[in-house]
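In: coords please:
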Amino acid sequence: MKTFTLPERALPLDDSWEVIVAGGGPAGCTAAIAAARAGARTLLIEATGSLGGSGTSALVPAWCPFSDKQKIIYRGLAETVFTAAKAGIAHVAKSDLDWVPIDAERLKRVYDELVTEAGVTVLFQTFLSAVETDGDGSVATLVVSNKAGLTALRAKVYVDCTGDADLAAWAGAEFQKGDPDGDMQPATHCFLLTNVDEKAYRTGPRIFGGNPESPIHAILQSGRHPMIPDAHICNNLVGPGTVGFNAGHLWNVDNTDPASVSQALRNGRRMAAAYRDALAEFAPAAFGNAFLAATGSVVGIRETRRIVGEYLLTLDDYLARRSFDDEICRNAYFIDVHLTQQEARQSERIDVEKRVAHYRPGESHGIPYRCLTPRGLKNVLVAGRSISCERIVHGSIRVMPVCLAMGEAAGLAAAMAVQLAEGNVHRIDAGILRRRLRSAGAYLPETPAETAAGLAAVT
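Out: Numbering: from 1, shown residues only. Reported below is the predicted structural model:
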């Protein structure tokens with residue numbers, strides 16, 4: 001590619017911040033709230049026009065489970081967001097914890113209200129455009145672009161919640177991306193169908209790939225809707241006569257490549273229209289008069305970069321239900337790695353939920369603070385699906401409930417690091433961080449070391 005050198009020029013500089021959070025998805029929102037609640041002057045920058053990421057802009061229609069099949073384990077701010085979001089959905093019971101539908105418009109307002117109450121300043125439609133470092137392991141300045149043009153922003157500590165680890169990667173952090181060949185999980189472009197007959201939808205065959213009676217199998221066998229690629233078709237009633245769909249796969253999408261994402265958006269919109277037509281044909285009682293009301297303003301991305309942090313969370317950690325002295329949350333979601341295009345084309349059905357055995361009720365594993373700290377960067381934390389982990393474990397930690405929990409920990413840690421020399425996030429006292437998270441409502445069972453220390457104190 002040809003290059004162009006920008007002429008030297010001065011940019012407006014806003015250096016009034018102590019913590020800047022890049023990315024307003026679930027992790028970014030809780031990171032910003034936690035940092036501001038801890039007293040840090042906090043700015044949250046978001047590329048779209050709303051907060052919430054996958055649950056709002058991408059129209060993902062349901063929360064992954066908030067429980068370990070016995071109790072809620074994503075607590076603190078995660079539980080606050082979840083409870084407020086589901087409170088306005090009439091057909092959802094207060095006791096429901098798993099696969100709860102999402103009203104995207106309500107969820108946008110929930111995030112707006114929580115960040116505003118915490119004192120966070122938000123800049124919407126603002127893109128992270130460049131990262132400048134001091135050459136000694138610290139991020140010095142961010143360059144962002146919006147309707148004001150280019151602006152320089154400066155803080156003492158930065159939290160990367162971009163989902164793609166843009167800030168960390170552009171600052172020079174080591175990262176991994178996809179499998180060894182660079183292949184990544186497929187994307188999905190979610191959508192909403194309205195004017196659905198609720199009674200027929202509720203009482204008819206469950207529209208799910210795992211149900212042999214689901215109309216999706218007849219749709220695929222007919223060959224009349226070639227835009228529909230496979231049997232992946234998760235869906236939820238999200239409002240009166242309104243069903244949200246997380247359906248179909250878009251392979252070979254790289255969210256760090258603008259051309260790739262642009263093509264995915266075009267294909268996703270065509271795919272959504274094909275689903276509407278196919279369901280109207282093969283499930284007319286429920287969808288005969290359905291109307292395609294919306295597609296996500298962004299594509300639902302499952303995987304891109306993962307930073308290399310001070311600790312790499314492994315499959316062995318997951319299988320051992322391992323606890324860590326510095327864990328900042330627990331996670332119980334199964335290993336959810338979606339089919340490759342080759343696997344989807346096989347005649348024999350592959351059940352992705354059986355790749356790795358699910359946890360039994362009450363089981364979970366810890367996520368260490370060290371997975372949020374990129375090697376080689378002093379004043380940057382990463383939260384969300386880009387933390388340091390093996391690719392297969394990424395299939396578990398990439399979903400919204402655990403991202404909410406990780407974000408809160410990162411935001412509180414960032415506020416703590418503001419008080420340290422160079423804002424060095426690697427020097428945080430994890431024990432103090434855990435105690436502060438617990439006091440804010442986080443689910444953090446006592447570790448063996450804490451138990452031993454407690455016994456020592458007693459004796």
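In: mind checking the end-to-end distance for stretch 207-216?
Out: 7 Å (Cα to Cα, to the nearest Å).
In: taking the mean pLDDT, what do you get for that stretch?
Out: For stretch 207-216, mean pLDDT rounds to 95.
In: what's the top helix by length along the chain in contact with?
Out: If you go by DSSP state H, the chain has its longest helix at helix 258-282. For helix 258-282, the external contacting residues (Cβ atoms under 8 Å, 6 or more residues apart in numbering) are 187-189, 191, 193, 207, 215, 218-219, 222, 224-225, 227-229, 233, 245, 247-248, 250, 252-255, 286-292, 295-296, 299. In this view, the C-beta of every residue, glycine as well, is placed from N, C-alpha and C.
In: flag every buried residue along that helix.
Out: Neighbour-count burial for helix 258-282 flags 261, 264-265, 267-268, 271-272, 274-282 (criterion: 16 or more other Cβ atoms under 10 Å).
In: ok, stretch 117-127 next?
Out: In stretch 117-127, counting by 16+ other Cβ under 10 Å, buried: 118, 120-123, 126.
In: confirm Leu43 sits in a strand?
Out: Yes: counting by DSSP: H, G, I helix; E, B strand; the rest coil, Leu43 falls inside a strand.
In: can you pull the contacts of it?
Out: Leu43 neighbours (Cβ under 8 Å, 6+ apart): 17, 19-21, 32, 120-123, 153, 155.
In: can you add pLDDT and give those back as CSV?
Out: As requested, the contacts of Leu43 are exported to CSV (pLDDT from 0 to 100):
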residue, pLDDT
Trp17, 98
Val19, 99
Ile20, 99
Val21, 99
Ala32, 99
Val120, 98
Thr121, 98
Val122, 98
Leu123, 98
Leu153, 98
Ala155, 98
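In: what about these, which are in strands?
Out: Within those, residues falling in strands by DSSP state E are 19-21, 121-123, 153.
In: and of those residues, the nearest to Glu113?
Out: Checking the ones in strands among the contacts of Leu43 against Glu113 with Cβ to Cβ, the nearest one is Val122 at 11.7 Å.
In: thinking the closest one is in contact with Thr48, fair?
Out: No: assessed by Cβ atoms under 8 Å, Val122 is found out of contact with Thr48, at 11.5 Å.
In: quickly list what's touching both of the two.
Out: Common contacts of Val122 and Thr48 (Cβ under 8 Å, 6+ apart): Gly24.
In: host element of Val81?
Out: Using DSSP states H and E, Val81 maps to helix 77-86.
In: now that helix: buried residues?
Out: Buried residues in helix 77-86 (16+ other Cβ under 10 Å): 77-82, 84-86.
In: repeat for stretch 211-228
Out: Under the neighbour-count criterion of 16+ other Cβ under 10 Å, stretch 211-228 has 214-217, 219-220, 225, 228 buried.
In: in JSON lines, list the residues you listed along with secondary structure.
Out: Shown next, in JSON lines, are the buried residues of stretch 211-228 (three-state DSSP):
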{"residue": "Ser214", "secondary structure": "coil"}
{"residue": "Pro215", "secondary structure": "helix"}
{"residue": "Ile216", "secondary structure": "helix"}
{"residue": "His217", "secondary structure": "helix"}
{"residue": "Ile219", "secondary structure": "helix"}
{"residue": "Leu220", "secondary structure": "helix"}
{"residue": "His225", "secondary structure": "coil"}
{"residue": "Ile228", "secondary structure": "coil"}
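In: select from the contacts of helix 258-282 every entry located in helices.
Out: Using DSSP H, the members of the contacts of helix 258-282 that fall within helices are 215, 218-219, 222, 286-287.
In: what about the strands in the stretch 51-200 of the chain?
Out: Counting by DSSP state E, counting those that start in this stretch, the stretch 51-200 of the chain has strands at residues 121-123, 127-133, 139-146, 149-153, 157-160, 175-177, 191-194.
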